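S.K.: My questions are about this predicted structure, shown below with the sequence.
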Amino acid sequence: MTVIDGGTGEPPAGRGSGQPGAPAGIASRGAPAERGRLDLADVLGQPAARRAAEICAAGGHHLSLLGPPGAGKTMLAERLPTILPRLDRAAALEVTAIHSVAGTLPAGGPLIAEPPFCAPHHTATKAAIVGGGSGILRPGAASLAHFGCLFLDEAPEFGRDVLDALRQPLESGEVVLARSGLTARFPARFTLVLAANPCPCARGPSSRSACTCTPAARRRYLARLSGPLLDRVDVKVEFLPVSRAELLSDRRFTEPSAVVAQRVAAARERAAARVCSARPVRRPRPGCRGRAHRRRGPRRLAQDRDRHPPGPGRWRRS
Ligand SMILES: Nc1ncnc2c1ncn2[C@@H]1O[C@H](COP(=O)(O)OP(=O)(O)OP(=O)(O)O)[C@@H](O)[C@H]1O
Ligand SMILES: [Mg+2]
Ligand SMILES: [Zn+2]
């Protein structure tokens with residue numbers, strides 16, 4: 001994290017003392033004691049969703065969860081950090097530094113070694129999500145979830161500008177805030193989890209008054225999540241309502257977080273080894289048209305040009 005030429009150097013209120021300085025509307029669960037109670041095995045009757053969580057944890061993919069109320073979307077999202085590997089020393093120091101600047105260091109935990117989980121409320125402002133503030137620039141939820149999980153529950157209820165502000169950190173892994181005479185750069189490399197009900201009334205199939213939302217109302221509701229944001233979400237899971245019998249019978253098959261976390265860690269090691277052993281790809285120099293092009297005589301080049309009319313910047317005049 002770099003803060004360039006900024007701030008008064010004063011520590012934010014509540015620094016290192018629980019979360020009094022946390023941006024409004026943000027629940028950040030980094031304390032191991034609280035996290036220790038959660039386990040992926042609690043999520044019953046949703047094998048596809050559990051598998052999706054494992055894939056996202058292994059590959060660092062963003063995840064969206066769509067389903068009726070009470071299907072277990074929030075439950076699953078809260079358990080995603082329990083299958084992520086512990087932070088190594090460098091990552092732990094980076095995460096701790098961000099939480100220290102934001103004033104959200106958990107009491108009695110000087111070093112955050114577990115992947116953080118940050119779940120801002122849908123009324124959160126853009127500054128609370130990506131960071132900002134007047135005077136002292138503070139990191140937002142996206143940075144508090146660095147190396148962990150940013151969970152947007154009831155995602156369509158968030159402001160459109162708030163959701164779209166996440167596109168930059170999703171792309172670059174950092175938030176750059178610029179004010180007059182001040183630029184701050186906060187790391188924000190998180191796994192995004194979006195959860196949504198299929199319609200605005202949020203009446204599930206088991207509720208007394210059934211949903212009466214029209215298909216157009218449902219479409220409008222989900223369209224609040226913009227295409228460019230959803231393009232960045234690789235894994236999309238649809239939850240189905242689960243019967244009581246399914247919940248009870250699935251108890252025998254659910255794996256605890258510890259078992260899944262081992263597979264996730266092994267998958268990450270394999271991926272790291274693959275990346276290290278891959279031969280670097282030689283990219284042609286800009287403007288170089290390659291050997292095949294050089295072998296072509298002027299007649300072949302003219303034929304090529306007729307077959308493939310030049311697009312902007314595709315051919316250079318020769
Ligand atoms: N798949 C499940 N396995 C076990 N318990 C479940 C499951 N789904 C829901 N529950 C129970 O129902 C409660 C509510 O679940 P949860 O909040 O995760 O649902 P949700 O899909 O997020 O609903 P909403 O859309 O209303 O937020 C949980 O705390 C849990 O006790
Ligand atoms: Mg929920
Ligand atoms: Zn409805």
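M.R.: Thanks, I have the structure now. Residues are numbered from 1 along each chain as shown. Ligands and ions are numbered 1, 2, ... in the order given.

S.K.: Run through the residues of the stretch 151-300 of the chain sitting next to ligand 3.
M.R.: Within reach of ligand 3 by CB under 5 Å from the ion, the stretch 151-300 of the chain has these residues: 199, 201, 211, 213. (C-beta placed from N, C-alpha, C; glycine too.)

S.K.: The closest residue to the third one other than its chain neighbours in helix, strand or coil?
M.R.: Yep, that's residue 211 we're talking about. Taking CB to CB, 6 or more residues apart in numbering as the measure, residue 211 lies nearest to residue 203, with 4.4 Å between them; neighbours along the chain are not counted. Each residue gets one of three states, and residue 203 gets coil by DSSP: H, G, I helix; E, B strand; the rest coil.

S.K.: How about the contacts made by residue 203?
M.R.: Contact analysis of residue 203 by CB atoms under 8 Å, 6 or more residues apart in numbering lists 69, 209, 210, 211.

S.K.: one more time with 10 Å
M.R.: Taking CB atoms under 10 Å, 6 or more residues apart in numbering as the criterion, residue 203 is in contact with 68, 69, 197, 209, 210, 211, 212, 213.

S.K.: And residue 82, by the same measure?
M.R.: When contacts are counted by CB under 10 Å, 6+ apart, residue 82 touches 35-42, 53, 57, 114-115, 117, 256-258, 260-261.

S.K.: Tell me where the model's unsure across the chain.
M.R.: Low-confidence segments of the chain, defined by pLDDT under 70: 1-36, 204-208, 279-318.

S.K.: Helices along that one, start to end?
M.R.: For the chain, helices defined by DSSP state H occupy the ranges 32-35, 47-59, 73-79, 89-102, 126-130, 141-144, 160-165, 167-172, 215-222, 227-231, 244-250, 257-277, 290-295, 298-307.

S.K.: Quickly compare the ones you listed and say which is most buried.
M.R.: Per-residue neighbour counts averaged over each of the helices of the chain give the maximum for helix 141-144, namely a mean of 30 (mean count of other CB atoms under 10 Å).

S.K.: distance between that helix and the chain's centre?
M.R.: Shown here is helix 141-144, whose average C-alpha point lies 10 Å from the average C-alpha point of the whole chain (CA atoms, centre = their mean, to the nearest Å).
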